[in-house]
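Chemist: Give me the fold of what follows.
(chains A, B and C)
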Amino acid sequence: MKRKPRITQQLERYNQRLLKAYGPQHWWPADSRFEIMIGAILTQNTAWRNVEQAVANLKREGLMTPRALQRVSLKRLAAMVRPSGYFRIKAGRVKAFIRFLMQQYKGDLRRMFSEPAGLLRSKLLSVKGIGPETADSILLYAGGIPIFVIDAYTRRVLSRHRLTTSKVSYDRLQRFFMDHLQPRADLYNEYHALLVKVGKEHCKPTPACQGCPLEVYLYGKKPNI
DNA sequence: GACCAGGCACATC
DNA sequence: GATGTGCATGGT
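Modeler: Got it, this is the predicted structure:
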């Protein structure tokens, strides 16, 4: 059996360390695929606890369905998502996504996710307010499609460990993971969630590396990309 | 009060 | 392609 490339071994070692330290994260926390997609928009550059309040508002008001969100006024929607910040922007983004979902797939998620993944990704990216991270979160966490999600934590953890440079592009960093790991949705799901976890615990802007499960000897010397 | 949080669009060079 | 700015709430 062929020996695995060094980077693959290193990325797998990181995953094993994090899994051992924190256990499965069971992402995405939501009651439905639709709720995951709305949450993906609302959590843009925002702490998840704030999103929880906005999501709770929507559910309490019976708005967590494509039809209901299609009908609700922009003003009322903005009031509902207010706790998640950027509330006027995000209300517009949710509306834009709902328009896309209704026009392209008649609000049917099964129809949406039966599209070829690459085509669906590019269509999602064409919706105003859906960028690479939000699109990939929808594909991976709502669609179960094996695509690696990159976020600010992923960047910070890897660059602090000198696996990558700090300003590597989204697409390159995503390719870095996907070129060296098996294309498995369950693996990508947990790995990304664990990177967020260790980011929250230890890889803050001001490092708190004491007790981090990714110990110092795992640090590389030269960035791979 | 400062800083941060599971981005994105848009203007400008 | 890189860099800068506006968008906004809520917790530490």
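
Chemist: How about the residue in chain A that DNA strand C sits nearest to, nearest residue that isn't a chain neighbour?
Modeler: Residue nearest to DNA strand C within chain A: A:Gly85 (2.5 Å; C-beta to the nearest atom of the strand). Bear in mind the C-beta positions are built from the backbone N, C-alpha and C, glycine included. Of all residues beyond its chain neighbours, the one nearest A:Gly85 is A:Thr46 (4.9 Å), with distances taken as C-beta to C-beta, 6 or more residues apart in numbering.

Chemist: and the one you found, what is it in contact with?
Modeler: By C-beta atoms under 8 Å, 6 or more residues apart in numbering, the contact set of A:Thr46 is A:84-86.

Chemist: Could you count how many residues lie near A:Met37?
Modeler: 28 (other C-beta atoms under 10 Å).

Chemist: for A:Asp31, same thing?
Modeler: Applying other C-beta under 10 Å, I find that A:Asp31 has 10 neighbouring residues.

Chemist: Let me see the ranges of the helices in chain A.
Modeler: Under the criterion DSSP state H, chain A contains helices at A:6-22, A:33-42, A:48-60, A:66-71, A:74-80, A:87-105, A:109-113, A:117-125, A:132-137, A:152-160, A:170-180, A:185-201.

Chemist: coming back round to it: neighbour-wise, give me the winner out of the contacts of A:Thr46.
Modeler: Highest count within the contacts of A:Thr46 by other C-beta under 10 Å belongs to A:Ser84, 26 neighbours.

Chemist: How about that residue, nearest residue that isn't a chain neighbour?
Modeler: A:Ala54 (4.0 Å).

Chemist: That neighbour reaches A:Ala78, doesn't it?
Modeler: No. Applying C-beta atoms under 8 Å, one finds A:Ala54 not in contact with A:Ala78, separated by 10.4 Å.

Chemist: the more surrounded of the two?
Modeler: A:Ala54 (23 against 18).

Chemist: what's the distance between the more buried one and A:Asp186?
Modeler: Separation of A:Ala54 from A:Asp186 (C-beta to C-beta, to the nearest Å) stands at 28 Å.

Chemist: Tell me who's in contact with the residue positioned nearest the centre of chain A.
Modeler: Residue closest to the mean C-alpha point of chain A, counted by C-alpha atoms, centre = their mean, is A:Ser137 at 3.9 Å. Shown in contact with A:Ser137 (C-beta under 8 Å, 6+ apart): A:28, A:36, A:40, A:149.

Chemist: How much space separates the third one from A:Asp136?
Modeler: As for A:Ala40, its distance to A:Asp136 is 9 Å (criterion: C-beta to C-beta).

Chemist: just the last one next, same as before
Modeler: The gap separating A:Val149 from A:Asp136 is 5 Å, by C-beta to C-beta.

Chemist: Over to the second one?
Modeler: The span separating A:Ile36 from A:Asp136 equals 12 Å under the rule C-beta to C-beta.

Chemist: between those two, who's got more neighbours?
Modeler: Under the criterion of other C-beta under 10 Å, the comparison of A:Ile36 against A:Asp136 puts A:Asp136 first, with 26 against 19.

Chemist: Make sure that one is actually in contact with A:Leu120.
Modeler: No. Proximity of A:Asp136 to A:Leu120 does not meet the contact threshold set by C-beta under 8 Å, at 10.9 Å.

Chemist: sorry, back to before: possible to save the helices of chain A as TSV with distance to A:Ile225 and mean pLDDT?
Modeler: Output for the helices of chain A, formatted as TSV (distance: least, C-beta to C-beta, whole Å; pLDDT from 0 to 100):
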stretch	distance to A:Ile225	mean pLDDT
helix A:6-22	10	94
helix A:33-42	26	98
helix A:48-60	29	98
helix A:66-71	39	98
helix A:74-80	40	98
helix A:87-105	31	98
helix A:109-113	31	98
helix A:117-125	21	98
helix A:132-137	17	98
helix A:152-160	9	93
helix A:170-180	6	97
helix A:185-201	16	97
